[in-house]
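Trainee: quick one, fold the following:
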Amino acid sequence: MNDAFRIFARRSAVLLGSAWAFVWAVLVILVWVLTGPTFHFSDTWQLVINTITTVITFLMVFLIQNTQNRATKAVQLKLDELIRAVRSARAMNFSILKIFPMTS
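Mentor: A predicted model of the protein is given here:
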């Protein structure tokens, strides 16, 4: 399950983060706006776009969080490697923690 979500999230991030996804979203909104007169700008017409955007936003929150978690983990691993490679960095790290203690 974890691997399936990870693969899905990566592929979705690549696809949904593209210019084509933005163009597609603009076209969907344009079609929705152009159909307004046909449906007399009814409550149902408005409800359709509100429901669609709410569902997409809800799902995108999880994808964005997953992408952010992966990016943070990658940066942390790179920083850890730099600290290991530079001997003076470790001593400097401890002095910074004394000046600015980490709080939970």
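
Trainee: now stretch 65-77: buried residues?
Mentor: 66-67 (16 or more other C-beta atoms under 10 Å). C-betas here are computed from N, CA, C, even on glycine.

Trainee: for it, what is the distance to the chain centroid?
Mentor: 11 Å (C-alpha atoms, centre = their mean, to the nearest Å).

Trainee: cool, and stretch 62-69?
Mentor: For stretch 62-69 - counting by C-alpha atoms, centre = their mean - the centre lies 5 Å from the chain centre.

Trainee: can you tell me the average pLDDT over that stretch?
Mentor: For stretch 62-69, mean pLDDT rounds to 91.

Trainee: just the CA coordinates of that stretch, formatted as PDB?
Mentor: This file holds the C-alpha atoms of stretch 62-69, laid out as PDB (Å, rounded to 0.1, in the frame of the first residue of the first chain):
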ATOM      1  CA  PHE A  62      -2.200  14.800   0.400                       C
ATOM      2  CA  LEU A  63      -0.200  14.800  -2.800                       C
ATOM      3  CA  ILE A  64       1.500  18.100  -1.900                       C
ATOM      4  CA  GLN A  65       2.300  16.900   1.600                       C
ATOM      5  CA  ASN A  66       3.800  13.700   0.300                       C
ATOM      6  CA  THR A  67       5.900  15.700  -2.200                       C
ATOM      7  CA  GLN A  68       7.000  18.100   0.600                       C
ATOM      8  CA  ASN A  69       7.900  15.200   2.900                       C
END
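
Trainee: then stretch 75-82 to PDB, C-alphas only?
Mentor: Taking C-alpha atoms only, stretch 75-82 is exported to PDB below (Å, rounded to 0.1, in the frame of the first residue of the first chain):
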ATOM      1  CA  VAL A  75      17.500  18.000   1.900                       C
ATOM      2  CA  GLN A  76      18.000  16.500   5.300                       C
ATOM      3  CA  LEU A  77      20.000  13.600   3.900                       C
ATOM      4  CA  LYS A  78      22.200  16.000   1.900                       C
ATOM      5  CA  LEU A  79      22.800  18.200   4.900                       C
ATOM      6  CA  ASP A  80      23.700  15.200   7.000                       C
ATOM      7  CA  GLU A  81      26.200  14.100   4.400                       C
ATOM      8  CA  LEU A  82      27.700  17.600   4.300                       C
END
